[in-house]
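Trainee: Using only what follows, build the 3D model:
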Amino acid sequence: MTDIQSDSDVAICGAGPAGMALAALLARRGVPAGRITLIDAKSLAQASKDPRSIALSYGSRQILEEIGAWPVPATSIHQIHVSRRGQFGRSMIDRDEHKVPALGYVTRYGDLVTALGAVCERAGIAMLRPARVEALDELSDSVVLTITDTATGEAKSLNAAIVVQAEGGLFDNQENRSQRRDYRQTAIIAQVRSSRPIAHRAFERFTEQGPLALLPQGDEYSLVWCVRPELATTLQAMDDKAFLTALGEAFGERVGRFTHASPRLAFALGLNADPRATTRTVAIGNAAQTLHPVAGQGLNLGLRDVTVLARLLAQGATPAMLAQFTELRRQDRTTTVRLTDTMARVFANDSPAQALLGLSLAAIDMAGPARGLLAELMMYGRR
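Mentor: Reported below is the predicted structural model:
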């Protein structure tokens, strides 16, 4: 463990992208690095090996640039093609229409945390990792954290003025929050290749089982295929040839024939959110709102949390600033949660609303203002 002072202004539990981005931005905005503590169960070396793909919006790139953690190895998204399987109509969102270099970017989790970790290390931010927070005791003037070094078993206490929860975890392993919905869907995650890839174009295709996303990443696609648990079990049991055939039947032939798939992972999907904060603790990112991956808003919403919280805590690590944060983030959080929840529920089943989706997509594609609003929400959130 890195030696730290006995007290911190801000202790951040969870050194994933949101947690490290917050620490780095606090230091950049004038909070002494020695007064910020990052705590995580994994070492930076372990986290840097994580091969998962993540989608960053253009707005998130701007946040990372301010932090000093951009560029990272990434594939830019110039177009997003949205369609409904078996229905007429589609919508195309294009970067040129919105005068941005990219609508978003696809990178690897490990590459992003490596960049953020380097920024935090250069800033001299205190890090306790690998370490586990065993307990929080919120007092009137501080929070006492009981922390165990997982390498040595040594326990110690840390006093912090404010504690930020930034460790979200997976939906099926989380404690229930005030807003919780089990979508009865499982996400199948893999890297796939096709015979006719379209450079820099992402696809979001709605099926009766759930959304199917293909995100361009180098000469491959990052696949997020949301299906019912029963089908997920079947898909996971298939060999690669059968799996690629099933994927082609669900997606169609827009990128040709699927030719290769990496080993597949599966995750249960649900909504689990609670925007409230206590007097001296607050949650951000996945720890505050675990979302369905449709539209890829989870990490991007978390980074928007980071920018607001960093600005406020740089003025003072006080309960008043946490109260302001909760209020300032209410609209964007509420809008994003409602948007992803509605898309996950309405456009992922055989309800009569499905018959309207194709017409809705066609209408959005013909109406510039509607298409622009959707793009703005995906790039920047509710502003």
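
Trainee: Now Lys42: closest residue in space, sequence neighbours ignored.
Mentor: Once flanking residues are discounted, Lys42 sits nearest to Pro130: 5.9 Å by C-beta to C-beta, 6 or more residues apart in numbering. C-beta coordinates here come from the backbone N, C-alpha and C atoms, glycine included.

Trainee: my bad, Asp305
Mentor: Ile284 (4.0 Å).

Trainee: Check Gly298 too.
Mentor: Leu291 (4.8 Å).

Trainee: Tabulate the CA atom coordinates of stretch 84-101 in CSV.
Mentor: Extracted in CSV, the C-alpha atoms of stretch 84-101 (Å, rounded to 0.1, in the frame of the first residue of the first chain):
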residue,chain,number,x,y,z
ARG,A,84,-35.7,-3.1,-35.8
ARG,A,85,-35.5,-6.8,-36.9
GLY,A,86,-38.4,-7.7,-39.1
GLN,A,87,-39.8,-4.2,-39.3
PHE,A,88,-39.6,-1.4,-41.9
GLY,A,89,-37.7,1.7,-41.0
ARG,A,90,-34.3,2.7,-39.6
SER,A,91,-32.4,5.7,-38.4
MET,A,92,-28.9,6.8,-39.2
ILE,A,93,-27.0,9.2,-36.9
ASP,A,94,-23.9,10.7,-38.6
ARG,A,95,-21.1,12.7,-37.1
ASP,A,96,-21.0,15.1,-40.1
GLU,A,97,-24.5,16.3,-39.3
HIS,A,98,-23.4,17.3,-35.8
LYS,A,99,-20.0,18.7,-36.7
VAL,A,100,-18.0,16.5,-34.3
PRO,A,101,-14.9,14.3,-35.1
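
Trainee: The residue lying closest to Arg52 once chain neighbours are set aside - how many residues pack around it?
Mentor: Nearest non-adjacent residue to Arg52, counting by C-beta to C-beta, 6+ apart: Tyr109, 4.4 Å away. Residues contacting Tyr109 under the criterion other C-beta atoms under 10 Å number 18.

Trainee: Tyr109 contacts Lys49, correct?
Mentor: No - taking contacts as C-beta atoms under 8 Å, Tyr109 lies outside contact range of Lys49: 9.6 Å.

Trainee: residues shared between the contacts of those two?
Mentor: Shared contacts of Tyr109 and Lys49 (C-beta atoms under 8 Å, 6 or more residues apart in numbering): none.

Trainee: what's the pLDDT at the residue nearest to Gly298?
Mentor: Here the pLDDT value assigned to Leu291 is 92.

Trainee: That one reaches Thr340, doesn't it?
Mentor: Yes - checked against C-beta under 8 Å, the pair Leu291 and Thr340 is within contact range at 4.8 Å.

Trainee: Which one of these two is surrounded by more residues?
Mentor: Neighbour count, other C-beta under 10 Å: between Leu291 and Thr340, Leu291 has more, with 25 against 21.

Trainee: and the more buried one, what is it in contact with?
Mentor: 271, 273, 297-298, 301, 336-337, 340-341.

Trainee: And Val306, by the same measure?
Mentor: By C-beta under 8 Å, 6+ apart, Val306 lies in contact with 18, 21-22, 25, 63, 284-285.

Trainee: beta partners for Met127?
Mentor: Leu38 (DSSP bridges).

Trainee: any weak-confidence spans in the protein?
Mentor: The chain contains residues with pLDDT under 70 at 1-6, 86-89, 347-383.

Trainee: Can you tell me the centre-most residue of it?
Mentor: Nearest to the mean C-alpha position of the chain, by C-alpha atoms, centre = their mean, lies Leu299 at 2.3 Å.

Trainee: hang on, isn't that residue packed against Arg61?
Mentor: No - Leu299 lies out of contact with Arg61 (C-beta under 8 Å); the separation is 12.0 Å.

Trainee: in stretch 218-238, what counts as buried?
Mentor: Judged by neighbour count using 16 or more other C-beta atoms under 10 Å, the buried positions of stretch 218-238 are 220-228, 231-232, 235.

Trainee: In TSV: those residues, plus secondary structure.
Mentor: Output for the buried residues of stretch 218-238, formatted as TSV (DSSP: H, G, I helix; E, B strand; the rest coil):
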residue	secondary structure
Glu220	strand
Tyr221	strand
Ser222	strand
Leu223	strand
Val224	strand
Trp225	strand
Cys226	strand
Val227	strand
Arg228	coil
Leu231	helix
Ala232	helix
Leu235	helix
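
Trainee: nearest to Leu56, of the residues you listed?
Mentor: Nearest to Leu56 among the buried residues of stretch 218-238, counting by C-beta to C-beta, is Ser222 at 12.2 Å.

Trainee: burial of the nearest residue to Arg330 once chain neighbours are set aside, as a residue count?
Mentor: Among residues not flanking Arg330 along the chain, Pro275 sits closest, at 6.6 Å (C-beta to C-beta, 6+ apart). Neighbours of Pro275 under the rule other C-beta under 10 Å: 19.

Trainee: Taking their axis directions, the longest strand along the chain and strand 220-227 sit at what angle?
Mentor: What stands out as the longest strand in the chain, according to DSSP state E, is strand 179-194. Interaxial angle, strand 179-194 versus strand 220-227 (axes from the mean of the first three to the mean of the last three C-alpha atoms, to 10 degrees): 140 degrees.
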